[in-house]
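Visitor: Coordinates only, no sequence provided:
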């Protein structure tokens, strides 16, 4: 029986260490890179900054062998970068919408002047 217990202890000691969340880190890096290429910082700099900070913290957690924390932070970094991209798209759409509304209003005014309507 003592040999069995010793064997179990040895097996437990040989268990491999948790692996870094490589795919989550890569997904976060890609989402941040995509956001940077789309110039998201012009519209959603807070969210993009948070994504970068969380990715840095995730890398630090990997170095400290806190793989669960690293995975969570990497996933949050990806989501924050995607949120930044989405908010930037909304902001860009609003700007375009405002420009179109101004153009429409200007066109209406010109048409009224041309036809003499008031």
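Guide: Yes, it's here. Since the structure is predicted, the reported quantities are computational estimates derived from the model, not experimental observations.
Visitor: Tell me where the longest helix sits in the protein.
Guide: helix 67-115 (DSSP state H).
Visitor: Quick check: mean pLDDT of that one?
Guide: For helix 67-115, mean pLDDT is 93.
Visitor: so how far is residue 51 from the spatially most central residue of the chain?
Guide: Ranked by distance to the mean C-alpha position of the chain (CA atoms, centre = their mean), the top residue is residue 81 at 1.6 Å. The gap separating residue 81 from residue 51 is 4 Å, by CB to CB, to the nearest Å. Quick note: C-beta positions are derived from backbone N, CA and C, even for glycine.
Visitor: one step back: wait, the residue nearest to the centre of the chain sits on residue 38?
Guide: No - counting by CB atoms under 8 Å, residue 81 does not reach residue 38; the two are 10.3 Å apart.
Visitor: So what does residue 19 have for phi and psi?
Guide: The phi/psi pair for residue 19 (degrees, to the nearest 10) reads phi -80, psi 150.
Visitor: tell me the contacts of it?
Guide: Shown in contact with residue 19 (CB atoms under 8 Å, 6 or more residues apart in numbering): residue 67.
Visitor: And it, how close does it get to residue 71?
Guide: 10 Å.
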